[in-house]
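In: here are the coordinates; sequence isn't available:
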């Protein structure tokens, strides 16, 4: 641990009761719902050992066993389907619990175990829900297998304290070698990879490789990465899941935080929160948006969550952008601004003629695309989806927008494997810019009805009543 680079939650010196442990043998397991706080990531080295993030409570389990823990807490709740048939949907229930670190939560139906559940710290989207005096906020998460429209389901969540038990199923954990990336895994399967190199200006090529951060997405069935890594590739400024704007204005400065020209670049600053468990894996990272003179003009909290859903990978993207000074205006064009997905470069070089787009009005022919402003109606879509081929395998990526995101949302599609949307908006210290999208990834071509169901579930989640 002495050779590691210390990263402190939120960039502050306060410590919490969690840390990361470097291991060379069998993976440490993580039975808790959160990993949040101080941990070390070894400096980049070809011989760097893998890093497994493990809560300190596991190391102190023998001592905790003899400590007096709070009594278990039972929370009764009713899940209401509303107007939609529900299938394999993540459900979040904000809870206020007695002080202390919960060890586990069991979700029961009729006195029997129902489905795996997880407690996690509040996300970027639930921070506004505060706990009353004397209580602490946690979010209860589970994946609802099915519930017919109009039906309801009574459940009990039993929260216990003390030493955590060893999990019986695969769980999410964060892994890093300290070589400029941090990866979310479910068991032995890679799910997401956060690419966050330090800016290297030793050459033009080195700068191009390192001037932005992004997330790779992996095949949900295991195996290959599905997204573009940047240079050398066609249109290397499009990388993985990425968020930025070509025309960004602050004060009297105009910069391009998409192509990252001049001094402009996005730089990883901190890991603000990590959460792991059987239901989800999440991190919230702090990203500096740097402009002229490499000075930070805005700071972004970017949060990505992967849910343990059957049939594919469901990814939630949330971002809160706060200027460090005065107002920031965000603008661009449909190809170089907003939130986008870029498939692996193999699509651009080999299989682009097989790319098809699935939209609310139907599945188009291979190679056909729509782009605003040539197609002026290609705006404010509830969703868009792209089906592409890598090797011998076809995949579909569904891009799900929501009404609360800024509008007009102007969409763009390219047969080489990039699609997404952008908007024009402003951010201030008093009113940061908050956006929220979901991305669904699976093998085979999806139908219009299948994508539409994912979209509706996102926009109209189940209602949960806590009794």
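Out: On my side now, so go ahead. This structure is a prediction, so every number in the text was calculated from the model and none was measured.
In: switch to C-alpha atoms for all contacts and neighbour counts from now on
Out: OK.
In: Average pLDDT for the longest helix along the chain, rounded please.
Out: What stands out as the longest helix in the chain, according to DSSP state H, is helix 448-459. Computed over helix 448-459, the mean pLDDT rounds to 98.
In: The closest residue to residue 221 other than its chain neighbours: neighbour count?
Out: Nearest residue to residue 221 in three dimensions, chain neighbours excluded: residue 312, at 7.4 Å (CA to CA, 6 or more residues apart in numbering). Around residue 312 there are 17 other residues, counting by other CA atoms under 10 Å.
In: quick one: residue 312 from residue 170, how far?
Out: Between residue 312 and residue 170 the distance, using CA to CA, to the nearest Å, works out to 16 Å.
In: And for residue 238?
Out: 32 Å.
In: More neighbours: these two, which one.
Out: Set side by side, residue 238 and residue 170 show more neighbours around residue 238, with 28 against 17, by other CA under 10 Å.
In: just checking, the more buried one is part of a helix?
Out: No: counting by DSSP: H, G, I helix; E, B strand; the rest coil, one finds residue 238 to be coil, located in no helix.
In: can you pull the pLDDT of residue 35?
Out: The predicted structure scores residue 35 at 28 on the pLDDT scale.
In: For the spatially most central residue of the chain, give the beta-bridge partners.
Out: When CA atoms, centre = their mean is applied to the chain, the residue found nearest the centroid is residue 304 (1.3 Å). Bridge pairing for residue 304 (DSSP bridges) gives the partners residue 283, residue 317.
In: That one: what's it in contact with?
Out: For residue 304, the contact set (CA atoms under 8 Å, 6 or more residues apart in numbering) comprises 282, 283, 284, 315, 316, 317, 318.
In: what do you get if the cut-off is 6 Å, keeping everything else the same?
Out: For residue 304, the set of contacting residues under the criterion of CA atoms under 6 Å, 6 or more residues apart in numbering consists of 282, 283, 316, 317.
In: how near is residue 192 to residue 241?
Out: In this structure, residue 192 lies at 10 Å from residue 241, with CA to CA as the measure.
In: same question, residue 268
Out: Using CA to CA, one gets 15 Å for the distance from residue 268 to residue 241.
In: picking that back up, compare the contacts of residue 304 and tell me which is most surrounded.
Out: Greatest neighbour count in the contacts of residue 304, by other CA under 10 Å, goes to residue 282: 26 neighbours.
In: So which residues of the stretch 101-250 of the chain form helices?
Out: Along the stretch 101-250 of the chain, the stretches classed as helices by DSSP state H, counting those that start in this stretch are 204-210.
In: And the pLDDT at residue 162?
Out: Predicted confidence (pLDDT) at residue 162: the value is 82.
In: Can you report phi and psi for it?
Out: Residue 162 adopts backbone torsions of phi 110, psi -160, taken as degrees, to the nearest 10.
In: Repeat that for residue 404.
Out: The phi and psi values for residue 404, taken as degrees, to the nearest 10, are phi -70, psi -20.
In: roughly how far is stretch 248-256 from the heart of the chain?
Out: Averaging C-alpha positions (CA atoms, centre = their mean, to the nearest Å) puts stretch 248-256 28 Å from its chain's average.
In: How about stretch 368-384?
Out: Distance, stretch centre to chain centre, for stretch 368-384: 25 Å (CA atoms, centre = their mean).
In: again, but for stretch 198-208
Out: Averaged C-alpha coordinates place stretch 198-208 at 27 Å from its chain's average position (CA atoms, centre = their mean).
In: First-to-last residue distance for that stretch?
Out: 12 Å.
In: Can you point out the buried residues in that stretch?
Out: Along stretch 198-208, the positions that meet the burial threshold by neighbour count (16 or more other CA atoms under 10 Å) are 198, 199, 207, 208.
In: Same check on stretch 340-354?
Out: Buried-residue list, stretch 340-354, by 16+ other CA under 10 Å: 340-348, 351-354.
In: Check stretch 74-87 too.
Out: 77, 79, 80, 81, 82, 84, 86, 87.
In: now those in a markdown table, with secondary structure and pLDDT?
Out: As requested, these are exported to a markdown table (DSSP: H, G, I helix; E, B strand; the rest coil; pLDDT from 0 to 100):
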| residue | secondary structure | pLDDT |
| --- | --- | --- |
| 77 | strand | 97 |
| 79 | strand | 98 |
| 80 | strand | 98 |
| 81 | coil | 98 |
| 82 | coil | 97 |
| 84 | coil | 97 |
| 86 | strand | 98 |
| 87 | strand | 97 |
